[in-house]
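Trainee: requesting a structural model of the entry that follows:
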Amino acid sequence: MYLWKYMVIIFAFGAVGGLLVGVGGARWLSNEVDKKLLRAAASKAASGQPDDQKAIRISAAPPAEALRIAAE
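Mentor: Next up, the predicted model:
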């Protein structure tokens, strides 16, 4: 009877720990992708002609959209 209780407790802590690692890993991956997109957008924008309107749009856009605007 006691063994069953300990198994349930271990399972519960393992499930909570696995969920927290999973969320942290997904967040890390998302941040890495965003950084790569923003670097690419900055590179495109720096190599083009100055455009104040594009600069304003890029500053308010999410990373993928910023890259698209910079590539226009």
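
Trainee: in three-state terms, how would the spatially most central residue of the chain be classified?
Mentor: The centroid of the chain falls nearest to Ser30 when counting by C-alpha atoms, centre = their mean (2.1 Å). At Ser30 the chain is in helix, as set by DSSP: H, G, I helix; E, B strand; the rest coil.

Trainee: sketch out the low-pLDDT regions of this structure for me.
Mentor: Scanning the chain for pLDDT under 70 picks out the ranges 1.

Trainee: please redo it, this time with the cut-off set to 50
Mentor: For the chain, no stretch is flagged by pLDDT under 50.

Trainee: and the helices in it?
Mentor: 2-47, 52-60, 63-71 (DSSP state H).

Trainee: can you list contacts of the second one?
Mentor: Put plainly, it is helix 52-60. For helix 52-60, the external contacting residues (C-beta atoms under 8 Å, 6 or more residues apart in numbering) are 41, 45, 66, 69-70, 72. Every residue, glycine included, has its C-beta placed from N, CA and C.

Trainee: next, the angle helix 2-47 makes with that helix.
Mentor: 170 degrees (axes from the mean of the first three to the mean of the last three C-alpha atoms, to 10 degrees).

Trainee: next, the buried residues of helix 52-60.
Mentor: 54, 57-58 (16 or more other C-beta atoms under 10 Å).

Trainee: quick check, nearest of these to Lys5?
Mentor: Minimum distance to Lys5 across these is 56.9 Å, recorded for Ile58 (C-beta to C-beta).

Trainee: gap between that closest one and Asn31?
Mentor: To Asn31, Ile58 is 19 Å away according to C-beta to C-beta, to the nearest Å.

Trainee: ok, back up a step: show me which of the buried residues of helix 52-60 is closest to Gly18.
Mentor: Each of these was scored against Gly18 by C-beta to C-beta, and Ile58 proved nearest at 38.2 Å.
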